[in-house]
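Asks: Here is my input, please return the structure:
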Amino acid sequence: MGNTTTKADLVNTISHRTGLTKHETESVVDCLFESIIDSLKAGKRIEIRGFGSFNIRYKNQRLARNPRTGEKVSVDAKNVPTFKISKEFKHAVSQSLKV
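Replies: Okay, here's the model as predicted:
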């Protein structure tokens, strides 16, 4: 397994820690992800204390450049999901990675 944790890895870890079956755990994880997506689609901000916050950021229409050809292309305006890590999360991860 490389340096990537997959949804299946999360399900296995949570299942092991909670005693729930993998099927039950996968349902809970799927429901969490769907709830986050549904809230963002509805224009709601999600804040999970100690973890971070999900938000939607509006990006204006702009001109960009095709890196292959150098040609200018128009990029439509769009809503982009963003995630901002909490200070506690950032601190916990930075402490565990110190060598």
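
Asks: Look up how far R57 lies from the nearest residue to K7 once chain neighbours are set aside.
Replies: Setting aside the residues directly before and after it, K7 is nearest to V29 in space (C-beta to C-beta, 6 or more residues apart in numbering), at 6.5 Å. All C-beta spots, glycine's among them, are computed from the backbone N, C-alpha and C. Separation of V29 from R57 (C-beta to C-beta, to the nearest Å): 25 Å.

Asks: coming back round to it: figure out the helix or strand that the residue nearest to K7 lives in.
Replies: Assigned by DSSP states H and E, V29 belongs to helix 22-41.

Asks: And the average pLDDT for that helix is what?
Replies: Here helix 22-41 scores 96 as its mean pLDDT.

Asks: I'd like the next helix or strand past that helix.
Replies: Following helix 22-41 toward the C-terminus (DSSP H and E): strand 46-48.

Asks: Okay, now the sheet partners of that next one, with direction.
Replies: strand 52-59 (antiparallel) (DSSP bridges).

Asks: For the next helix or strand after the strand it pairs with, which helices and strands make contact with it?
Replies: Using DSSP H and E, the helix or strand that follows strand 52-59 in sequence is strand 62-65. Judged by 3 or more C-beta pairs under 8 Å, 6 or more residues apart in numbering; DSSP states H and E, strand 62-65 is in contact with strand 72-75.
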